[in-house]
Every structure is written in C-alpha cells, then in structure tokens.
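A.B. asks: One predicted model, sequence on top.
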Amino acid sequence: MSAPAFAPAPMPAAADNPTPRAIIRVAEAAHRLNEAVRRATEDGYSIELIRVSRIHDGAGNWGDQVVPSVREKK
C-alpha cells in the first residue's frame with residue numbers, strides 16, 4: 001500500500017479572494033510540517049501529532065496547537 005502524497009492546497013486567486021497573510025503562513029507551515037513528517041517516516045520513525053491546547057481569541061475564533069509524539073526506530 002503506497003502512502004498518500006501530500007501537496008499544498010491551491011490558494012484562491014488573489015483577484016477573487018485575497019488571502020490574508022496569516023492564512024498563507026499557516027498553510028506554508030503545515031506543508032513544511034507534512035514534509036518533515038514524511039521524511040522522518042521514511043527514515044524509520046513513527047510520528048503522531050497530538051493536540052495539546054486550543055487557543056481562543058474571545059470573538060469565536062479558535063486554533064489547535066499540536067506537538068509531535070515520536071516513536072524511535074525499531
């Protein structure tokens with residue numbers, strides 16, 4: 001069974017829906033994280049991302065924060 005290929009989600013065209021820089025930063029960081037997880041897995045590690053907290057801004061917006069749990073190579 002082959003692993004799914006992760007790729008960045010296409011961003012909406014700037015003329016249609018200008019994407020705030022904060023969203024672009026999150027998308028880029030998520031892509032880099034996925035790439036790092038893939039590389040660690042290929043190197044023989046097992047990686048699980050665990051939500052450790054949820055932040056709120058007081059206006060109904062929230063975000064999850066995660067840490068990696070790494071199982072050493074067998």
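C.D. replies: That came through, no problem.
A.B. asks: contacts, neighbours, all on C-alpha from now
C.D. replies: Fine.
A.B. asks: which stretches of this protein have low pLDDT?
C.D. replies: Along the chain, the model assigns pLDDT under 70 to residues 1-4, 8-18.
A.B. asks: mind listing the strands for it?
C.D. replies: For the chain, the strands defined by DSSP state E occupy 46-56, 62-71.
A.B. asks: contacting residues for Glu35?
C.D. replies: Contacts for Glu35 were tallied using CA atoms under 8 Å, 6 or more residues apart in numbering; they are Phe6.
A.B. asks: I'd like the distance between it and Phe6.
C.D. replies: 8 Å (CA to CA, to the nearest Å).
A.B. asks: go on, Asn34?
C.D. replies: 7 Å.
A.B. asks: Would you map the helices across this structure?
C.D. replies: 21-42 (DSSP state H).
A.B. asks: next one: stretch 42-53 to chain centre, how far?
C.D. replies: Taking CA atoms, centre = their mean, to the nearest Å, one finds stretch 42-53 lying 11 Å from the centre of the chain it belongs to.
A.B. asks: tell me which residues in it are buried?
C.D. replies: Tyr45, Ser46, Ile47 (16 or more other CA atoms under 10 Å).
A.B. asks: Work out which residue lies at the spatial centre of this structure.
C.D. replies: In the chain, the C-alpha nearest the mean C-alpha coordinate belongs to Ala30, at 2.8 Å (CA atoms, centre = their mean).
A.B. asks: Contact partners for the closest residue to Ser53 other than its chain neighbours?
C.D. replies: Closest residue in space to Ser53, ignoring its immediate chain neighbours: Gln65 at 5.3 Å, by CA to CA, 6 or more residues apart in numbering. Gln65 makes contacts with Arg51, Val52, Ser53, Arg54, Ile55, as judged by CA under 8 Å, 6+ apart.
A.B. asks: wait, doesn't the second one sit right on Val66?
C.D. replies: Same thing as Val52. Yes: with contacts counted by CA atoms under 8 Å, Val52 reaches Val66, the gap being 5.4 Å.
A.B. asks: burial count for Asn61?
C.D. replies: Around Asn61 there are 8 other residues, counting by other CA atoms under 10 Å.
A.B. asks: For Ile24, see how far away it is.
C.D. replies: 17 Å.
A.B. asks: Repeat that for Val70.
C.D. replies: For Val70, the distance to Ile24 - CA to CA - is 27 Å.
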